[in-house]
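> Quick one: sequence and predicted model below, then my questions.
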Amino acid sequence: MCGSVAEALAQGLLPWILWSFRRIWRSGQPERYFAAAAIFLAALAMAHGITLLFMAATLPGYIAVLWRRHVNDDLPTKAALRWTFLALVLAMGLSAIAWLPLIAESSYLTAARFEIARTGWLPGNGWSWSTMLDLHWLYQYSFERPVRLGLVQLLMAASGFLLARRRDGEWTYWAVVALVASALAGRWVLPLWSSIDVMTMLQFPWRLLSIISVALALFAGGNIVSIRNARWQALAGIAVICLIIFANTPHLERFPMFSNSAIRLGPEALAQAELEKGILDPLNAASSVREFRPRWRHLVLAPEPDAQVDQIQATPRTANATNIALSVSSATGGTLRFEEYYYPNWRVTVDGEELPTYPSTNLGLLTVDIPAGQHVVEKIWQLTPSKRMANWIGLISLGILALSCGVESHASTGR
């Protein structure tokens, strides 16, 4: 995978999400597991949005498989459906702060992020027949792309799938998921990735390894299901896990390493890092520089030489990490520009009265028009309506979750 902490945390949450929803349907006591399902799914949304998209594509099908098995076993479905629905709704509510502003405010970002993915990331990150599998027994980590599937991981999954001799709906569903996801990670599907914005945002088709690996881990467990002795089965399970970990342990000796103990990461170091990433070169800049810029910022990150400069005297009064108050004096009034990008979160007041803000120059700077005279100007960072709404939804969902758990606990005590 990419190696980020957020992505690794999301990967670790996937089996717990599936386990909790399965327990809702198979335990006979769905009310005991809905909270776990809601919390795990909400944690995934908070941890990594891209992995959440993969789960959103596979979880409904898995729930349908569990429902079908329930029906085939002549078991009542209403309770499990009700608690599943509640878990899904609460998960959305608890994680609203992660996804609601993302949807509501995505139009603020430059559309270049899609073009960057289509021309820069997608072409070199799809699997071909020669690049989908690492053929070494010990996985060879490198900076080459695309990231490949491990040989031992695949062989253990294949042997487990055959030895388990399971052909039920769950087993078949995850086999289909693994095959479909593997096909979608190929270069032969890149036109589809380029034509659908949601897929384009994923950037790397091999990111589907996050969901493929869940299915392969499930199949790897099939190597031990035929062992009847509990002790030997546990030992065999540990052996399978150790083998997969050993085969995929990173060997970093050949990678350049450095110690950061003597490095001072001050503003000058960060400015140098941005410069080396091409922040002033719109055509060759790193994607991390280009794809998160606001849409009202010009392609070239440089001041306009002929931008109007008004004679305004500004003296700081108070300031913190985001807000600042200035004493401003101007004989004729004029345009006051701050050094931050314009963003709808910013609120600027002059003598307590809010004035309209807008982006100006090709830098897209936060700008306000100041009247003549002496004034107190305050720049204040505030939440957008979508963030305020998400906070309220999260608090209400947390309250409903606590109330539901309390009612279920009281009911269990009475039984």
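Nice, thanks for sending it over. Numbers count the residues shown, from 1 in each chain.
> all helices for the stretch 101-250 of the chain, in order.
112-116, 151-164, 169-184, 190-195, 197-202, 209-220, 230-248 (DSSP state H, counting those that start in this stretch).
> what comes into contact with the fourth one?
The one in question is helix 190-195. Arg118, Leu122, Pro123, Gly126, Leu184, Met199, Thr200, Leu202, Pro205 (Cβ atoms under 8 Å, 6 or more residues apart in numbering). Any C-beta I mention is one placed from the backbone N, CA and C, and that applies to glycine too.
> Let me see the domain layout of this protein.
5-248, 259-295, 313-383 (automatic domain parsing).
> worst average pLDDT in those domains?
In terms of average pLDDT, domain 259-295 trails the rest of the domains of the chain, at a mean of 70.
> before we move on, back to that, deepest of the domains of the chain, which one?
Most buried of the domains of the chain by mean neighbour count (mean count of other Cβ atoms under 10 Å) is domain 5-248; its value is a mean of 17.
> How far away from the center of its chain is that one?
Centroid displacement of domain 5-248 relative to its chain, using Cα atoms, centre = their mean, to the nearest Å, is 14 Å.
> With stretch 374-391 instead?
With Cα atoms, centre = their mean as the basis, the mean position of stretch 374-391 lies at 26 Å from the chain mean.
> Span of it from start to end?
38 Å (Cα to Cα, to the nearest Å).
> Now do it: everything it contacts.
96-97, 100-101, 103-105, 314, 317, 322-329, 336, 338, 344-352, 366, 368, 370.
> give the contact list for Ile211.
By Cβ under 8 Å, 6+ apart, Ile211 lies in contact with Leu14, Phe54, Met55, Ala57, Thr58, Val177, Ala181.
> Just put those in TSV and tack on distance to Ala234 and secondary structure.
Formatted as TSV, the contacts of Ile211 follow (distance: Cβ to Cβ, whole Å; DSSP: H, G, I helix; E, B strand; the rest coil):
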residue	distance to Ala234	secondary structure
Leu14	23	helix
Phe54	31	helix
Met55	29	helix
Ala57	34	helix
Thr58	29	helix
Val177	28	helix
Ala181	30	helix
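> Give me the distance from stretch 373-390 to the chain's centre.
27 Å.
> mind checking the end-to-end distance for it?
Stretch 373-390: ends 40 Å apart by Cα to Cα.
> Residue numbering should commence at 119 henceforth.
Sure, I'll start counting at 119 from here, so that last one is stretch 491-508.
> Now Arg455. Its backbone dihedrals?
Dihedral pair for Arg455: phi -110, psi 130, per degrees, to the nearest 10.
> Distance check, it against Leu444.
12 Å (Cβ to Cβ, to the nearest Å).
> do the same with Ser122
39 Å.
> elements contacting the helix or strand hosting Ala205?
Per DSSP states H and E: Ala205 is located in helix 196-212. The helices and strands touching helix 196-212, judged by 3 or more Cβ pairs under 8 Å, 6 or more residues apart in numbering; DSSP states H and E, are helix 123-144, helix 152-165, helix 167-190, helix 503-532.
> Please settle this for me: is Val494 part of a helix?
No - Val494: not assigned to a helix; according to DSSP: H, G, I helix; E, B strand; the rest coil it is strand.
> if you look at the contacts of stretch 492-509, which of them are in strands?
Among these, the members found in strands (DSSP state E) are 432, 435, 442-447, 454, 456, 464-468, 484, 486, 488.
> Need the residues that contact stretch 128-141.
Against stretch 128-141 from outside (Cβ under 8 Å, 6+ apart): 119, 148, 150-151, 154-155, 158-159, 161-162, 165-166, 169-170, 173, 177, 180-181, 184, 202, 205, 328-329, 331-332, 335.
> I'd guessed Pro148 sits against Phe203; true?
No - using Cβ atoms under 8 Å, Pro148 is not in contact with Phe203; the gap is 10.7 Å.
> Could you single out the nearest of the contacts of helix 308-313 to Leu383?
Leu320 (30.4 Å; Cβ to Cβ).
> how close does the residue lying farthest from the centre of the chain sit to Gln429?
For the chain, the largest distance from the centre (Cα atoms, centre = their mean) belongs to Ala449, which lies 50.0 Å off. According to Cβ to Cβ, Ala449 stands 7 Å off from Gln429.
> again, but for Ile135
Ile135 is 60 Å from Gln429, where distance means Cβ to Cβ.
> got it, and Phe410?
For Phe410, the distance to Gln429 - Cβ to Cβ - is 34 Å.
> Which residue lies closest in space to Pro368, excluding its sequence neighbours?
Tyr259 (5.1 Å; Cβ to Cβ, 6 or more residues apart in numbering).
> correct me, but that neighbour touches His369?
Yes - in this structure Tyr259 lies within contact range of His369 using Cβ under 8 Å: 7.0 Å.
> quick one: average confidence on stretch 523-533?
66.
> thinking again about what came up before, could you dump the helices and strands packed on helix 196-212 to JSON lines with distance to Ala357?
Listed next are the helices and strands packed on helix 196-212 as JSON lines, based on distance: least, Cβ to Cβ, whole Å:
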{"stretch": "helix 123-144", "distance to Ala357": "19"}
{"stretch": "helix 152-165", "distance to Ala357": "28"}
{"stretch": "helix 167-190", "distance to Ala357": "28"}
{"stretch": "helix 503-532", "distance to Ala357": "38"}
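> so which of those helices gets nearest Val265?
Nearest to Val265 among the helices and strands packed on helix 196-212 is helix 123-144 (11.7 Å), distances taken as Cβ to Cβ.
> now the angle from that closest one to helix 196-212?
160 degrees (axes from the mean of the first three to the mean of the last three Cα atoms, to 10 degrees).
> sorry, back to before: excluding chain neighbours, give the residue nearest to the residue farthest from the centre of the chain in space.
Ala490 (6.2 Å).
> same deal with Val332?
Using Cβ to Cβ, 6+ apart, the nearest residue to Val332 is Leu132, at 5.1 Å.
> Next one: the one you found from Phe172, what distance?
As judged by Cβ to Cβ, Leu132 and Phe172 stand 8 Å apart.
> any shared contact partners between the two?
Each of Ser328, Ile329 lies in contact with both Leu132 and Phe172 under the rule Cβ under 8 Å, 6+ apart.
> picking that back up, show me the residues around the residue nearest to Ala449 that make contact.
Here Ala490 is in contact with Ser448, Ala449, Thr450, Gly451 (criterion: Cβ under 8 Å, 6+ apart).
> Cheers, nothing more for now.
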